[in-house]
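Engineer: My questions are about this predicted structure, shown below with the sequence.
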Amino acid sequence: MDAPLDWDGLRYFLAVARTQRVSAAARLLGVEHTTVARRIRALEASLGTLLFEKSRGAGFVLTGEGQRLFTHAEQIENSVDAAREQLSGTGQALSGHMRIGATEGFGSYVIMPLLAEFQRHYPHITLDVLPVPRFVSLSRREADLAITIERPQRGPYVCTKLCDYALKLYGTHAYLARHKPIRSSRDLAGHSFIGYVDELLFSERLRYLEDVLPGAQVVLRSTSVIAQYHAALQGRSLAILPCFIAAQDPRLAPVLEDEVTITRTFWMYCHEDVRRLKRVTLLWDYLRRSIAHNAALMAGEHGTMRFLPGPPDGRQAHESARARRASGGPPRPGQAPRPDREAP
């Protein structure tokens with residue numbers, strides 16, 4: 001007779017598989033690292049197979065059997081989460097943890113402020129934000145939800161276009177005052193620029209400086225757009241920066257707005273099983289509505305972050321709109337009609 005599966009041991013297994021370190025898994029679970037190691041050994045013994053290869057450099061790496069168990073364990077985890085949410089009652093009772101991966105600049109300057117507001121309304125939902133200059137892996141559960149500049153081409157994901165955003169050429173007011181007026185792209189010949197390290201770009205969508213300004217004299221490079229932004233603030237060179245960063249800083253001014261404007265797109269996606277969780281649905285809809293509410297900032301038309309009125313689930317705005325329709329009143333100025341259900 002086969003030994004019964006240690007269901008709780010799957011929590012330890014998932015934590016080690018995702019962090020690749022027993023010590024990191026222990027911190028995540030709030031236990032001693034010896035407890036994690038013991039539970040993993042017990043799980044391997046009960047299954048009669050090796051789940052991890054131990055490597056000094058890479059840590060705990062899943063074996064083939066471990067990979068197969070990981071797929072099933074994630075499905076069990078998602079089913080348990082969904083059951084818990086269905087039994088938790090009202091939306092105000094929502095709890096749990098979510099991790100959001102986003103590009104470095106967008107994650108730091110837009111997503112983080114929005115999530116701070118979201119968490120104020122839902123204090124029992126804890127959030128991790130990973131603003132990193134690379135793609136996060138949903139298959140390895142580095143994040144539950146990802147926002148990136150490239151749409152995933154394959155995988156069991158639900159994906160939506162979050163927004164378009166603009167990038168423009170910026171310089172400090174002091175820099176522009178020290179130089180002759182820049183009236184056309186020809187006047188940029190004598191200027192220096194800040195840009196990316198080309199051979200370390202994590203996406204070809206970031207290779208825009210040479211396309212827009214061929215032959216540009218790049219004197220300072222970084223893999224970090226935030227580092228480029230801070231370098232531009234020193235007033236020694238010009239930089240192409242996302243408007244959602246630069247437009248919020250009055251020390252920077254756009255240069256040749258009509259000639260040097262680049263448009264890129266943010267995509268938001270998550271695993272199809274995770275998408276059905278109430279807390280993920282709530283955050284998904286909140287981010288879509290919040291970014292739409294900040295379309296002017298994303299386009300560089302103004303430099304102020306705006307927050308949605310009322311709770312993140314939009315009940316107040318929906319009820320106000322319904323009341324106006326019932327009374328025959330016009331929509332609130334500046335408010336666009338919103339469909340009852342947004343398509344993914």
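Structural biologist: Done, it's in.
Engineer: Bridging across strands, which residues link to the residue most central in space within the chain?
Structural biologist: Nearest to the geometric centre of the chain sits residue 102, at 2.4 Å (Cα atoms, centre = their mean). Judged by DSSP bridges, the bridge partners of residue 102 are residue 131, residue 147.
Engineer: who touches it in this structure?
Structural biologist: 111, 129, 130, 131, 132, 146, 147, 148 (Cβ atoms under 8 Å, 6 or more residues apart in numbering). Glycine gets a C-beta too; all of them are placed from N, C-alpha and C.
Engineer: residue ranges of the strands in the stretch 51-200 of the chain, please?
Structural biologist: Taking DSSP state E, counting those that start in this stretch, the strands of the stretch 51-200 of the chain run over residues 52-55, 59-62, 96-103, 125-132, 145-148, 157-172, 192-195.
Engineer: And the fourth one, what's buried?
Structural biologist: Neighbour-count burial for strand 125-132 flags 125, 127, 129, 130, 131, 132 (criterion: 16 or more other Cβ atoms under 10 Å).
Engineer: swap in stretch 47-59?
Structural biologist: Applying 16+ other Cβ under 10 Å to stretch 47-59 flags 47, 51, 52, 59 as buried.
Engineer: which helix of the protein spans the most residues?
Structural biologist: Using DSSP state H, we find that the single longest helix of the chain is helix 64-87.
Engineer: which residues are contacting that one?
Structural biologist: 7, 10, 13-14, 17, 47, 49-52, 62, 94, 96, 141, 271, 273-274, 276-279.
Engineer: For residue 100, list the residues it contacts.
Structural biologist: 107, 111, 115, 127-130, 143-147, 283.
Engineer: and the residues you listed as TSV, adding distance to residue 311 and pLDDT?
Structural biologist: Below are the contacts of residue 100 laid out as TSV (distance: Cβ to Cβ, whole Å; pLDDT from 0 to 100):
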residue	distance to residue 311	pLDDT
107	23	96
111	19	97
115	14	96
127	16	91
128	22	91
129	20	92
130	25	91
143	24	86
144	21	89
145	20	94
146	25	94
147	22	95
283	13	96
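Engineer: Tell me the one of those residues nearest residue 43?
Structural biologist: residue 144 (23.7 Å; Cβ to Cβ).
Engineer: Please look at the closest one and residue 99 and confirm they touch.
Structural biologist: Yes: between residue 144 and residue 99 there is a contact under Cβ atoms under 8 Å: 5.2 Å.
Engineer: Overlap of the contact sets of those two?
Structural biologist: Joint contacts of residue 144 and residue 99 (Cβ under 8 Å, 6+ apart) do not exist.
Engineer: Check what pLDDT residue 24 gets.
Structural biologist: pLDDT, residue 24: 90.
Engineer: Neighbours of it, how many?
Structural biologist: Around residue 24 sit 17 other residues, with neighbours defined as other Cβ atoms under 10 Å.
Engineer: and residue 144 and residue 99? which has more neighbours close in?
Structural biologist: residue 144 (23 against 17).
Engineer: Next, residue 287: phi, psi?
Structural biologist: Dihedral pair for residue 287: phi -70, psi -40, per degrees, to the nearest 10.
Engineer: same thing with residue 245?
Structural biologist: Dihedral angles (degrees, to the nearest 10) for residue 245: phi -100, psi -60.
Engineer: shaky segments in the protein?
Structural biologist: Residue ranges of the chain with pLDDT under 70: 1-3, 85-86, 88-93, 139-140, 314-344.
Engineer: in it, which spans are helices?
Structural biologist: 9-19, 22-29, 33-47, 64-87, 104-106, 112-121, 173-178, 209-212, 225-232, 243-246, 272-275, 278-293, 295-298, 315-327.
Engineer: most packed of these?
Structural biologist: helix 243-246 (a mean of 24; mean count of other Cβ atoms under 10 Å).
Engineer: name the helices or strands packed onto that helix?
Structural biologist: Here helix 243-246 touches helix 104-106, strand 157-172, helix 225-232, helix 295-298, going by 3 or more Cβ pairs under 8 Å, 6 or more residues apart in numbering; DSSP states H and E.
Engineer: How about residue 259: what's its closest non-neighbour residue?
Structural biologist: residue 185 (5.5 Å; Cβ to Cβ, 6 or more residues apart in numbering).
Engineer: Tell me how far stretch 64-84 lies from the chain's centre.
Structural biologist: Offset of stretch 64-84 from its chain centre (Cα atoms, centre = their mean, to the nearest Å): 23 Å.
Engineer: Sorry, wrong one. I was asking about stretch 178-196.
Structural biologist: 33 Å.
Engineer: Residues touching it, excluding its own?
Structural biologist: 176, 206-207, 209, 213, 216-223, 228, 231-232, 236-240, 255-256, 259-260.
Engineer: Restrict those to the buried ones and give me that as a PyMOL selection.
Structural biologist: For the buried members of the contacts of stretch 178-196, the matching PyMOL selection, counting by 16+ other Cβ under 10 Å, is:
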select buried, resi 176+206+209+213+216+218+220+221+222+228+231+232+237+238+239+240+255+256+260
